[in-house]
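[1] structure, please.
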Amino acid sequence: MVLVLFLSLVACSTDSVDKDGTTTTDEGTTTTESSTETANDKGSEKIKLSGTQLGYNDDQIAAAEAKGLAPFDEYYIAVRRTIEKEYPNYEVEYLDWGWAETLDQKQRAAITAGDPPSVVAGETFMPTYANNGILEPLPQDIVDMVNPSFLIKDKNGVPVAVAHKASIFMLFYNKKLLAEAGLDPNAEIKTWEDWRNAAKIVTEKGKGKVWGGGIPTFPHFGGALRVTPFLRQKGTDFGGGSKINLTDPRVIETLQFIREMNAYFPPGLGNSADEGPLWEAFEKTQNIAFAVNGSWQAAACERNNMDWGVAPLPLPEGGQIGNCLVGAVYVGVPKNAKNKDAAFNLIRAQLKKENLLIWLKESVCVPLKSIIEDESLYADNPTLLVAMRALREGTYSGLTTFDKNDAQIWEIINTKVLARVTMTNDPIEQICAEAQKEIENLLK
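    Residues are numbered from 1 along each chain as shown. Below is the predicted model of the structure:
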């Protein structure tokens, strides 16, 4: 009798519950009930959950409503309302832990302490979470519904995080400034040489008041993200894993092009630690003709009444299409989180079609295949037409990651390579060789 009881308990423990409440046993039989019914059948006890970049808390909603709702406000409020409606037995704490390094530090501290949020979020550091084995594999239904560019995989190739919005880089331009410089504002900028010539002409005719613009090399991830597409167009990258690739001739050639293009920015603007003045100059002052940015730039151009255009990034001679995912908000569930099945339901709420459609108002790309593949949803938006077609035709990733000392390596790339390339006249081969040696020591 004891043996029978033991085997019964083992059998029960191997059953799994899908996100819609479907219970699958080892024998393959299933019973189905809604997630809400399943939660409510357990009684009145709430399932406690929390998440960063998940939905707005009460204070954030009040602040957003006071200033007038922007589309990104609408999205995070809509996600919260979806969770409240579809999962009434969930008690969710919507954490406002900031972004970038601040968010990473708080999340890592919570993960290390053994009490992480149910859902963690981020951009450039989320691939590191994946490589470090911090994140739980995504359920297959989530993987199947999204474009692969929006997924992060772990070292074994298993998807562990998904972005509910992102973009790739494109070339935006001010048609009025091009026309004033005697250029055809409707002519296609297809190659690096086309772009260099146009930027040079605008700068020369602008006589210190109007500039062509180049590729920003901000000494942080904002610069590394914008440089990466041009490396990938040459069939290379900064490296990744256990290798650093700075002495690759294709890397050096790309950095030479970036140095040349930097001359078409006002001095110091393209390599400042503060990105704000550059976007102020392009969007509001409107004295820079070209800008490399994500698809959201279109909304900013419209808000500032610019006569603007957009095109895919120009290619080098003999180059290939290459890009980098940017502006992504990746979300995942930590392996040591509580109530992981319920946590994935929070992510499913973020991925609901009606919620993701809100992002289109900001010309932001979204992961659902059903949206990307339906051009009627954004037929009047030239930026999204360019970006979504690119996502259909290729798979793009964010920055590469390194197996050891990832943060230190990127600090060297950002400050001792990219910034130095555009702020000094030191030989690029020397810059790269010195950084290569320093980073190799960090990878040992």
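[2] name the SS class of E260, please.
    helix (DSSP: H, G, I helix; E, B strand; the rest coil).
[3] and if you look at V292?
    strand.
[4] and it, bridged to which residues?
    L171 (DSSP bridges).
[5] how about the contacts made by it?
    Listed by C-beta atoms under 8 Å, 6 or more residues apart in numbering, the contact set of V292 reads 169-172, 215-216, 226, 313. Where C-beta positions appear, they are placed from N, C-alpha and C, glycine not excepted.
[6] kindly reformat those as a markdown table containing pLDDT.
    A markdown table is the format used below for the contacts of V292 (pLDDT from 0 to 100):
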| residue | pLDDT |
| --- | --- |
| F169 | 96 |
| M170 | 95 |
| L171 | 96 |
| F172 | 97 |
| I215 | 96 |
| P216 | 95 |
| R226 | 96 |
| L313 | 96 |
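[7] could you dump these to JSON lines with neighbour count and distance to L368?
    JSON lines is the format used below for the contacts of V292 (neighbours: other C-beta atoms under 10 Å; distance: C-beta to C-beta, whole Å):
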{"residue": "F169", "neighbour count": "27", "distance to L368": "21"}
{"residue": "M170", "neighbour count": "22", "distance to L368": "21"}
{"residue": "L171", "neighbour count": "19", "distance to L368": "26"}
{"residue": "F172", "neighbour count": "25", "distance to L368": "25"}
{"residue": "I215", "neighbour count": "27", "distance to L368": "31"}
{"residue": "P216", "neighbour count": "26", "distance to L368": "30"}
{"residue": "R226", "neighbour count": "25", "distance to L368": "26"}
{"residue": "L313", "neighbour count": "24", "distance to L368": "25"}
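[8] between those, which is nearest G327?
    F169 (9.6 Å; C-beta to C-beta).
[9] for P277, grab the count of nearby residues.
    14 (other C-beta atoms under 10 Å).
[10] now it: closest residue in space that isn't a chain neighbour?
    L269 (6.0 Å; C-beta to C-beta, 6 or more residues apart in numbering).
[11] how close does the one you found get to P216?
    Distance of L269 to P216, computed by C-beta to C-beta, to the nearest Å: 8 Å.
[12] circling back: which one of the contacts of V292 is nearest to E375?
    Distances from E375 to the contacts of V292, taken by C-beta to C-beta, are shortest for M170, at 16.9 Å.
[13] where does the stretch 1-150 of the chain dip in pLDDT?
    Applying pLDDT under 70 to the stretch 1-150 of the chain flags residues 1-44.
[14] just how off-centre is stretch 323-335 within its chain?
    5 Å (C-alpha atoms, centre = their mean, to the nearest Å).
[15] quick check: mean pLDDT of it?
    The average pLDDT within stretch 323-335 is 95.
[16] what packs against the helix or strand containing M388?
    Using DSSP states H and E, M388 sits within helix 382-393. Judged by 3 or more C-beta pairs under 8 Å, 6 or more residues apart in numbering; DSSP states H and E, helix 382-393 is in contact with strand 167-168, strand 170-174, helix 297-303, strand 308-311, helix 369-372.
[17] what does that helix contact?
    For helix 382-393, the surrounding residues in contact (C-beta under 8 Å, 6+ apart) are 147, 149, 167-168, 170, 295, 297-298, 309-312, 321, 323, 360, 363, 365, 372-373, 375, 378-379, 396.
[18] try it again at 7 Å.
    Identification of contacts with helix 382-393 by C-beta atoms under 7 Å, 6 or more residues apart in numbering yields 147, 149, 167-168, 170, 295, 298, 310, 312, 323, 360, 363, 365, 372-373, 375, 378.
[19] please pick the buried ones from those.
    147, 149, 167-168, 170, 295, 298, 310, 312, 323, 360, 363, 365, 372, 378 (16 or more other C-beta atoms under 10 Å).
[20] residue contacts, N287?
    N287 is in contact with 209-211, 281, counting by C-beta under 7 Å, 6+ apart.
[21] out of those residues, who's the most crowded?
    W211 (24 neighbours).
[22] about what we covered before: list residues touching both of L269 and P216?
    In contact with both L269 and P216: L278, using C-beta under 7 Å, 6+ apart.
[23] and the pLDDT at the residue nearest to A387 when sequence neighbours are not counted?
    What sits nearest to A387 in space, not counting adjacent residues and going by C-beta to C-beta, 6+ apart, is S295, at 4.7 Å. pLDDT, S295: 92.
[24] gap between S295 and G322?
    Distance from S295 to G322, by C-beta to C-beta: 17 Å.
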